[in-house]
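Engineer: just to be clear, the model below is a prediction. Sequence and coordinates:
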Amino acid sequence: MKKTIITVVGKDTVGIIAKVCTYLAANQVNVEDISQTIVQGYFNMMMIVDTSRSSKPFGEMVQDLDTLGNEIGVKIRCQHEDIFIKMHRI
Amino acid sequence: MITLFEVNETNKMIEQEKLDVRTITMGISLLDCCDSDLDTLNQKIYDKITRVARDLVSTGREIELEYGIPIVNKRISVTPIALVGGQACTCPEDFVTIARTLDRAARDTQVNFLGGYSALVSKGMTKADRNLIHSIPAALASTERVCSSVNIGSTRTGINMDAVKLMGEIVKETAEATKENGSLGCAKLVVFCNAPDDNPFMAGAFHGVTEADAVINVGVSGPGVVKHALESVRGENFEVLCETVKKTAFKVTRVGQLVAQEASERLGVPFGIVDLSLAPTPAVGDSVAGILEEMGLESTGAPGTTAALALLNDQVKKGGVMASSFVGGLSGAFIPVSEDQGMIDAVNRGALTIEKLEAMTCVCSVGLDMIAIPGDTPATTIAGIIADEAAIGMVNQKTTAVRLIPVIGKDIGDTVEFGGLLGHAPIQPVNRFGCADFINRGGRIPAPIHSFRN
């Protein structure tokens, strides 16, 4: 099953991970891995998630997360992992 | 496992360096639409295009959303119409009805351009070819999305100078027919030598007769990504420079390959090729000229420009070939003037002339592209420029093309605005010495000696 990569980039604030994870849990999306750094006050997170049990169409999830990002004041992207694997792995 | 660093690198390319897939182009064969009745032919063409390409645009949008990569254009190319319409069309006006049908099909499938209003006349012209060519000015003036191309020569056949002469006149007539819009019709008309059958880029795309019934071809882009990569190797030697271009081209092309495979699978249409071209846009930071200047030229057009472009073109191919299972189309760097802000700036500061652009076309993937010239340039001079480019293509066994826009009512010092991806261009001076007696000879230039390879 194709994995999905969610990235969150923006100014650090309280509750970013909580809000993203709440949304994912509500939509039956399982988080498999999280890596995160904060550089000069900028929050930078990558999650590897499995959306196979979610009934939400992928396109809608992309848009929901984008909207959620706008509310929190960060940029959230949700992409199939293939684009990264193709580009960085032979 | 993919790392945060790699994910950020890809997303930075997309967000800040304007990495995109320039076009998904669906090639559709119209050979099975041939009919002796014009109305039936038009209906068959409309039905086939709208049936086969029904889901093209929506599928493109789905892929964009799921991978987070912009796919700028979704387009269609069809079998050269001179071949399809030969039976039904007895005059140029008959062909114009097909152009209108193609325009309607393009609008209804929501693609922004449809290519293939074309004739392949590298050795001779049939009556249908001649009628189609004569219909081009009216066809382009009365349609919005149709693109036209004519192949007037090849390494194997030589150059059809009758067609070259005719195309000089047709370019002028097209300019005149669309003079209310800055002679925009000429931006949708390309004259080729060695035209490829599987080019996904407009205005020269057509679906060659050697192709399958339908096929998906993808054109990648990414001048901004290459320029940004080169910023990190300023002052390094050519080995480092070339390696950097090659690695970047590999990454860019992998995205194209992914999109091509996905589109092909979802649409149930075979994957044709990925075209490795670096295609600029008028947006700041998406410029091939910008790459050349990053390599160390004060301005594009300065001495060293041809060498810089040659190495760029070669390294893009070397990086891209391994990234894709099938490579084709034009594959190289594009050097249009109006569609590249860096080229426009170079012309405006007096660094880049048509003659230098002609030299550059010897080492890159296409030819004199999107160059605005004075509206009073004689048809024979335009034909002379076409012949020069065709000779470069014929002798060097490469594709060359001419897309000149003689802007009616404008002269050197003026600027013409086309809008959108087509950009804007300063009117460039053309050599004022004539070549009418040469062009008016008629006949063919024979194939060069090195074309006899059997």
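Structural biologist: Yep, it's here. Note that the structure is predicted; figures quoted are calculated from it, not measured.
Engineer: for chain B, name the helix or strand with the lowest mean pLDDT.
Structural biologist: Within chain B, no helix or strand scores below helix B:4-15, which has a mean of 90 by mean pLDDT, DSSP states H and E.
Engineer: following the helix or strand of chain A with the lowest mean pLDDT, which helix or strand comes up?
Structural biologist: When each helix and strand of chain A is scored by mean pLDDT, DSSP H and E, strand A:30-39 comes last, with a mean of 90. Going down the chain from strand A:30-39, the next helix or strand is strand A:42-50, by DSSP states H and E.
Engineer: which other helices and strands contact the next helix or strand after that following strand?
Structural biologist: Once the chain leaves strand A:42-50, the next helix or strand it forms, by DSSP H and E, is helix A:58-72. Helices and strands touching helix A:58-72, by 3 or more Cβ pairs under 8 Å, 6 or more residues apart in numbering or on different chains; DSSP states H and E, are strand A:4-11, helix A:16-26, strand A:74-80, helix B:56-67. Glycine gets a C-beta too; all of them are placed from N, C-alpha and C.
Engineer: redo those as a markdown table? Include mean pLDDT.
Structural biologist: As requested, those are exported to a markdown table (pLDDT from 0 to 100):
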| stretch | mean pLDDT |
| --- | --- |
| strand A:4-11 | 94 |
| helix A:16-26 | 94 |
| strand A:74-80 | 95 |
| helix B:56-67 | 95 |
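Engineer: need those in CSV (columns: distance to B:S325).
Structural biologist: Output for the helices and strands packed on helix A:58-72, formatted as CSV (distance: least, Cβ to Cβ, whole Å):
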stretch, distance to B:S325
strand A:4-11, 24
helix A:16-26, 35
strand A:74-80, 20
helix B:56-67, 18
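Engineer: need the ones you listed in a markdown table (columns: mean neighbour count and distance to B:G224).
Structural biologist: Output for those, formatted as a markdown table (neighbours: other Cβ atoms under 10 Å in any protein chain shown; distance: least, Cβ to Cβ, whole Å):
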| stretch | mean neighbour count | distance to B:G224 |
| --- | --- | --- |
| strand A:4-11 | 20 | 19 |
| helix A:16-26 | 16 | 29 |
| strand A:74-80 | 21 | 19 |
| helix B:56-67 | 20 | 18 |
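Engineer: can you pull the buried residues of the strand or helix carrying B:S149?
Structural biologist: Using DSSP H and E, B:S149 sits in strand B:146-154. Neighbour-count burial for strand B:146-154 flags B:146-154 (criterion: 16 or more other Cβ atoms under 10 Å in any protein chain shown).
Engineer: the next helix or strand after the least confident helix or strand of chain B and chain A in contact?
Structural biologist: Toward the C-terminal end, the helix or strand that comes next after helix B:4-15 (DSSP H and E) is strand B:21-28. No. Strand B:21-28 lies apart from chain A when judged by Cβ under 8 Å from any Cβ of the partner chain; the minimum separation is 10.7 Å.
Engineer: could I have the CA atoms of strand B:21-28 written out in CSV?
Structural biologist: This file holds the C-alpha atoms of strand B:21-28, laid out as CSV (Å, rounded to 0.1, in the frame of the first residue of the first chain):
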residue,chain,number,x,y,z
VAL,B,21,5.5,19.0,-15.1
ARG,B,22,5.0,21.3,-18.1
THR,B,23,2.5,19.2,-20.0
ILE,B,24,0.7,15.9,-20.2
THR,B,25,-0.1,15.5,-23.9
MET,B,26,-2.4,12.8,-25.2
GLY,B,27,-1.6,11.8,-28.8
ILE,B,28,-4.7,10.6,-30.6
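Engineer: residues contacting B:I45?
Structural biologist: Neighbour list for B:I45: B:30, B:33, B:78, B:84, B:98, B:101-102, B:105 [criterion: Cβ atoms under 8 Å, 6 or more residues apart in numbering or on different chains].
Engineer: B:V259 in helix, strand or coil?
Structural biologist: What DSSP: H, G, I helix; E, B strand; the rest coil gives for B:V259 is helix.
Engineer: related to what we said a few turns ago, out of the contacts of B:I45, who's nearest B:V274?
Structural biologist: Among the contacts of B:I45, B:V78 lies closest to B:V274 (Cβ to Cβ), at 20.4 Å.
Engineer: what does the least confident helix or strand of chain A rub up against?
Structural biologist: A:3, A:12, A:17, A:21, A:24, A:43-50, A:53, B:1, B:3-4.
Engineer: for stretch A:44-61, same thing?
Structural biologist: So stretch A:44-61 is in contact with A:1, A:3-9, A:16-17, A:20, A:24, A:27-38, A:64, A:78, A:80-81, B:1-2, B:4, B:7-8, B:62, B:65-66, going by Cβ under 8 Å, 6+ apart.
Engineer: mind doing that once more with 7 Å?
Structural biologist: Outside stretch A:44-61, the residues within contact range by Cβ atoms under 7 Å, 6 or more residues apart in numbering or on different chains are A:1, A:3-9, A:24, A:27-37, A:78, B:4, B:7, B:62, B:65-66.
Engineer: with stretch B:186-195 instead?
Structural biologist: Contacts of stretch B:186-195 (Cβ under 7 Å, 6+ apart): B:136, B:140, B:147-155, B:159, B:167, B:171, B:174-175, B:203-204, B:370, B:386, B:389-390, B:393-394, B:398-406, B:418, B:422.
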